[in-house]
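Visitor: Attaching a predicted model along with its sequence, questions to come.
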Amino acid sequence: DSGVTQTPKHLITATGQRVTLRCSPRSGDLSVYWYQQSLDQGLQFLIQYYNGEERAKGNILERFSAQQFPDLHSELNLSSLELGDSALYFCASSPQSGGYTFGSGTRLTVV
Amino acid sequence: QQPVQSPQAVILREGEDAVINCSSSKALYSVHWYRQKHGEAPVFLMILLKGGEQKGHEKISASFNEKKQQSSLYLTASQLSYSGTYFCGTELSNYQLIWGAGTKLIIKP
C-alpha cells in the first residue's frame, strides 16, 4: 500500500457518459497530480493541485476537470467520454519537494 | 522540452549491468527516476538535486551532471525483478516534472 488511495480500480462506461475518479493523497502531502497513461505509452500530465489550489495544467481536455477539496482529496471528472479516453488514470502525491507516490490507478474502459 | 531517454529498450541477461540516460535541453533543478512494471503504478526510485550528487538504492544508483543537464541510472548485477520501464522526470523551477518517454528493460534468466 503506497498510501495514495484511488477509487474505483476499474470503470467500464459507455461513450458520452460522465465519470468521477477519486484520489486520497498520502498523509501530509499537499500536492496531488493526475496523469493519463494509454496502453504502453508514457505518462501524460493532466493537472496539479497544491493545498486546494490549481498549480499547473498539462494537456488536459476541456471535457475533463478536477478539484482538490479542503481535506486534500481530489476528484477528476471526465465527461462526454470517447473511446480514446480509455486509459489508466493515475493520481500521485508528493511533499513540498520530493518523490511522487502513485496510487494504483483507475483503469477506465469506454465502450 | 521533454527529456530524451536512451536507449528506448534494452535486453539483458541476469547479472549484467545497464545504464539508462536522460538528457534535457533545459537547466534542471532536479531529476527523478521511477520504475513501472506492466499494469502497475510507477514506483519512485530516487531524486537527484542539482549539485552533481550520486545516489544509490541497493544495486541501483544514479548520477546528475548539472552542467550537461543529464542524468544516468546505473543498474549493476541486474536481477529479474529489475524488469520494467524506467522513466526519468526532470524538474525545472516550478515544481513540475517533465517526463521522458521511458526505457523498457527486459531481464532474461
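Guide: Good, I have the coordinates.

Visitor: For A:Leu83, give me the backbone phi and psi.
Guide: Reported as degrees, to the nearest 10, the phi and psi values for A:Leu83 are phi -60, psi -40.

Visitor: Might you report the residue contacts of it?
Guide: With contacts defined as Cβ atoms under 8 Å, 6 or more residues apart in numbering or on different chains, the neighbours of A:Leu83 are A:15, A:110-111. Every residue, glycine included, has its C-beta placed from N, CA and C.

Visitor: Contacts only, for the closest residue to A:Pro95 other than its chain neighbours.
Guide: Taking Cβ to Cβ, 6 or more residues apart in numbering or on different chains, and ignoring the residues beside it in sequence, A:Pro95 has A:Asp29 as its nearest neighbour in space, at 5.5 Å. With contacts defined as Cβ under 8 Å, 6+ apart, the neighbours of A:Asp29 are A:72, A:93-95, A:101.

Visitor: what kind of secondary structure is A:Asp29 in?
Guide: Under the three-state scheme (DSSP: H, G, I helix; E, B strand; the rest coil), A:Asp29 adopts coil.

Visitor: Type out the PyMOL command that picks the buried ones from the contacts of A:Leu83.
Guide: For selection in PyMOL, the members of the contacts of A:Leu83 meeting the burial criterion (16 or more other Cβ atoms under 10 Å in any protein chain shown) are listed in this command:
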select buried, chain A and resi 110
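
Visitor: ok, the contacts of A:Leu83 vs chain B, which is closest?
Guide: Nearest to chain B, judged by Cβ to the nearest Cβ, of those is A:Val110 at 18.4 Å.

Visitor: What segments of chain B are helices?
Guide: If DSSP state H is used as the criterion, chain B turns out to lack helices entirely.

Visitor: Would you confirm that B:Ile106 contacts B:Thr85?
Guide: No: the pair B:Ile106 and B:Thr85 does not pass the contact test of Cβ atoms under 8 Å, sitting 10.0 Å apart.

Visitor: Please say which of those two ends up with more neighbours.
Guide: A direct count of neighbours by other Cβ atoms under 10 Å in any protein chain shown for B:Ile106 and B:Thr85 places B:Thr85 higher, at 19 against 12.

Visitor: so the more buried one touches B:Arg35, yeah?
Guide: Yes: applying Cβ under 8 Å as the test, B:Thr85 and B:Arg35 come out as touching, 7.3 Å apart.

Visitor: And stretch B:48-59, end to end?
Guide: Its start and end residues considered, stretch B:48-59 measures 16 Å (Cα to Cα, to the nearest Å).

Visitor: ditto for stretch B:78-90
Guide: Using Cα to Cα, the end-to-end distance of stretch B:78-90 comes out at 25 Å.

Visitor: What's the mean pLDDT across it?
Guide: With pLDDT averaged residue by residue, stretch B:78-90 scores 94.

Visitor: and the most centrally placed residue in chain A, how far is that from chain B?
Guide: Nearest to the geometric centre of chain A sits A:Trp34, at 3.5 Å (Cα atoms, centre = their mean). Separation of A:Trp34 from chain B (Cβ to the nearest Cβ, to the nearest Å) stands at 13 Å.

Visitor: ok, now A:Arg18?
Guide: Distance check for A:Arg18 against chain B: by Cβ to the nearest Cβ, it reads 25 Å.
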